[in-house]
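Student: here are the coordinates; sequence isn't available:
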């Protein structure tokens, strides 16, 4: 069976790329298509596959400014010739699902999120954009929304990484979906013999992560907070962070793993579609203090693996951190890690394999009935 995997861009190893890595292990014969590819930042497992890029990669400074070419990506996708493939899996967070396939191929789309900047978070992105971008966004995004909705009809089956994203797929595409949570390599994390007196944040420093809420809360409490990440919000966070906040740029995995295992708790103030970072913290035996909305509701169990705060405000976070410290001895590291195993790579691969085999069987039966 000829298999193609479509991913929006391969420029770093984040949650979406970890899904691609697991799919590569399931389908070692698969070819990969993407808009932009930077092999320096991609794992060996993915690099073992044949990787082809769209014309976006040939545009000036594409490896760095690929998002600038976002309006051209739908056109680029539709130039790909995928007629020879039996199974196509698109990994959707940026433009990936809109490829054109043959009538007999099976196209399954794994949706990390319908593109946030097109849909529910569009007002936030437009508000933070510069003058020229703000001027151009309404007509461009209007065209892209129509394209995004119309290409949903090209998909044979949708999978989403959470029930939260399933609701959004139903809302924007009017399509049903099956939930299969993304893979976390639980065995790469471990419980530390002792914890230290600091809280932790890990991830991209972009606006929707609400890092500034945590910074303001910890500035007021004078408690130590370590923030590991990079992104467009980095310089702004550095300006408002007090002496009690340690802001670190991208770190090697071994360093991040150590911080996970030794922190008091992970702070997670944003709304994520799923959120692999909380699961990685729990795999290290550490509880999570999260905003009670989005994917965190599917990974964190109140009073068992963490606690929720109800509003994205410093006041609400402060109240929850203080409550956590009063009840810190109620959290058991082994119990937290055991719960995190629900999201292992093995479980993801088993569920994906079962779903795909069933979909192939159903399509074959449908084709036989037609003939």
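Tutor: On my side now, so go ahead. Here the structure is a predicted model, which means the values were calculated and not measured.
Student: distance from stretch 263-275 to the middle of the chain?
Tutor: 13 Å (CA atoms, centre = their mean, to the nearest Å).
Student: endpoint to endpoint, that stretch covers what distance?
Tutor: 18 Å (CA to CA, to the nearest Å).
Student: try stretch 319-338
Tutor: 28 Å.
Student: domains of this protein?
Tutor: 3-183+345-370, 186-343 (automatic domain parsing).
Student: any idea which of those is most buried?
Tutor: Ranked by mean neighbour count, the domains of the chain are led by domain 186-343 with a mean of 19 (mean count of other CB atoms under 10 Å). For every residue, glycine as well, the C-beta is placed using N, CA and C.
Student: how long is it end to end?
Tutor: Termini of domain 186-343 sit 8 Å apart (CA to CA).
Student: distance from it to the middle of the chain?
Tutor: For domain 186-343 - counting by CA atoms, centre = their mean - the centre lies 16 Å from the chain centre.
Student: now it: mean pLDDT?
Tutor: Per-residue pLDDT over domain 186-343 has a mean of 95.
Student: what lies in contact with stretch 354-362?
Tutor: 87, 89, 106, 108, 156, 157, 159, 178, 180 (CB atoms under 8 Å, 6 or more residues apart in numbering).
Student: just these now: which is nearest residue 189?
Tutor: Residue 189 lies nearest to residue 180 out of the contacts of stretch 354-362, by CB to CB, at 21.1 Å.
Student: where exactly do the strands run in the protein?
Tutor: For the chain, strands defined by DSSP state E occupy the ranges 3-7, 31-34, 51-53, 87-92, 106-111, 157-160, 178-179, 199-202, 225-228, 245-248, 266-268, 288-291, 306-309.
Student: of all those, which one is nearest residue 330?
Tutor: So among the strands of the chain, strand 306-309 is nearest, using CB to CB, at 10.0 Å.
Student: what's that closest one packed up against?
Tutor: strand 288-291, helix 314-326 (3 or more CB pairs under 8 Å, 6 or more residues apart in numbering; DSSP states H and E).
Student: need the longest helix for the chain.
Tutor: Criterion DSSP state H: the longest helix present in the chain is helix 345-370.
Student: what angle sits between that helix and strand 106-111?
Tutor: In terms of direction (axes from the mean of the first three to the mean of the last three CA atoms, to 10 degrees), helix 345-370 departs from strand 106-111 by 140 degrees.
Student: now the angle from helix 345-370 to strand 87-92?
Tutor: Going by the same axes, to 10 degrees, helix 345-370 makes 130 degrees with strand 87-92.
Student: now residue 282: closest residue in space, sequence neighbours ignored.
Tutor: Leaving aside its chain neighbours, residue 282 sits nearest to residue 340 (3.9 Å; criterion: CB to CB, 6 or more residues apart in numbering).
Student: now swap in residue 37 and tell me
Tutor: Per CB to CB, 6+ apart, closest to residue 37 is residue 10, 4.7 Å.
Student: got it, and residue 73?
Tutor: For residue 73, the spatially nearest residue (CB to CB, 6+ apart) is residue 95, at 4.0 Å.
Student: got the contact list for the one you found?
Tutor: By CB under 8 Å, 6+ apart, the neighbours of residue 95 are 8, 35, 70, 73, 74, 77, 115.
Student: try residue 296
Tutor: With the criterion set at CB under 8 Å, 6+ apart, residue 296 makes contact with 268, 272, 275, 278, 288, 290, 308.
Student: try residue 114
Tutor: 92, 148, 165, 168, 169, 172, 173.
Student: for the fifth one, give its distance to residue 157.
Tutor: This means residue 169. 11 Å (CB to CB, to the nearest Å).
Student: for residue 331, same thing?
Tutor: From residue 331 to residue 157 the distance is 39 Å (CB to CB).
Student: repeat for residue 198
Tutor: Applying CB to CB to residue 198 and residue 157 gives a distance of 44 Å.
Student: and what of residue 90?
Tutor: From residue 90 over to residue 157 (counting by CB to CB), the distance is 11 Å.
Student: repeat for residue 317
Tutor: Counting by CB to CB, the gap from residue 317 to residue 157 is 39 Å.
Student: equivalent analysis for residue 333, please.
Tutor: From residue 333 to residue 157 the distance is 39 Å (CB to CB).
Student: same question for residue 350.
Tutor: 17 Å.
Student: one step back: so which of the contacts of residue 95 comes closest to residue 255?
Tutor: Closest to residue 255, out of all of these and judged by CB to CB, is residue 8, at 27.7 Å.
Student: my read is that the closest one contacts residue 98, right?
Tutor: No - the pair residue 8 / residue 98 is not scored as a contact, 10.6 Å apart, by CB atoms under 8 Å.
Student: rebuild the contacts of stretch 354-362 as JSON lines, extending it with pLDDT and distance to residue 43.
Tutor: Shown next, in JSON lines, are those (pLDDT from 0 to 100; distance: CB to CB, whole Å):
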{"residue": "87", "pLDDT": "97", "distance to residue 43": "22"}
{"residue": "89", "pLDDT": "98", "distance to residue 43": "18"}
{"residue": "106", "pLDDT": "96", "distance to residue 43": "26"}
{"residue": "108", "pLDDT": "98", "distance to residue 43": "22"}
{"residue": "156", "pLDDT": "96", "distance to residue 43": "28"}
{"residue": "157", "pLDDT": "97", "distance to residue 43": "27"}
{"residue": "159", "pLDDT": "98", "distance to residue 43": "22"}
{"residue": "178", "pLDDT": "98", "distance to residue 43": "26"}
{"residue": "180", "pLDDT": "98", "distance to residue 43": "21"}
